[in-house]
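S.K.: kindly return the folded structure for what I paste below:
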Amino acid sequence: MPSKASLTFDHAIQDAVDLVNHFDCLNTQPPPPENEVLKRASLVMP
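M.R.: As a prediction, the model looks like this:
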């Protein structure tokens, strides 16, 4: 059985992946500057 810390970490990683996927869906050429915050947040979260 995974530890609570492991489950929390896995959840945080999935949140980061979801943010990056959301960023990719919103990304246009050129990307709006406010979309960059999603990418930065996904790097800081875990």
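S.K.: top helix in this structure by residue count?
M.R.: Criterion DSSP state H: the longest helix present in the chain is helix 4-26.
S.K.: quick one: distance of it to the chain centre.
M.R.: Distance, stretch centre to chain centre, for helix 4-26: 5 Å (CA atoms, centre = their mean, to the nearest Å).
S.K.: would you indicate which residues of that helix are buried?
M.R.: For helix 4-26, the neighbour count (16 or more other CB atoms under 10 Å) marks 16, 19, 23 as buried. C-betas here are computed from N, CA, C, even on glycine.
S.K.: now the second one: how far from residue 2?
M.R.: Think residue 19. When distance is defined by CB to CB, to the nearest Å, residue 19 is 23 Å away from residue 2.
S.K.: which stretches of the chain aren't confidently modelled?
M.R.: For the chain, the stretches with pLDDT under 70 are 28, 42-46.
S.K.: now residue 39: closest residue in space that isn't a chain neighbour?
M.R.: If the residues on either side of it in the chain are set aside, residue 39 comes closest to residue 23, at 5.1 Å by CB to CB, 6 or more residues apart in numbering.
S.K.: quick check: the one you found vs residue 34, distance?
M.R.: Residue 23 is 11 Å from residue 34, where distance means CB to CB.
S.K.: repeat that for residue 15.
M.R.: To residue 34, residue 15 is 19 Å away according to CB to CB.
S.K.: centroid residue for the protein?
M.R.: Geometric centre of the chain, nearest residue: residue 16, 2.3 Å, by CA atoms, centre = their mean.
S.K.: ok, now how distant is it from residue 30?
M.R.: Using CB to CB, we find residue 16 at a distance of 24 Å from residue 30.
S.K.: and for residue 37?
M.R.: 16 Å.
S.K.: when these two are compared, which one has more neighbours?
M.R.: Using other CB atoms under 10 Å as the criterion, residue 37 and residue 30 rank with residue 37 on top: 11 against 6.
S.K.: that's all I had, so thanks and see you.
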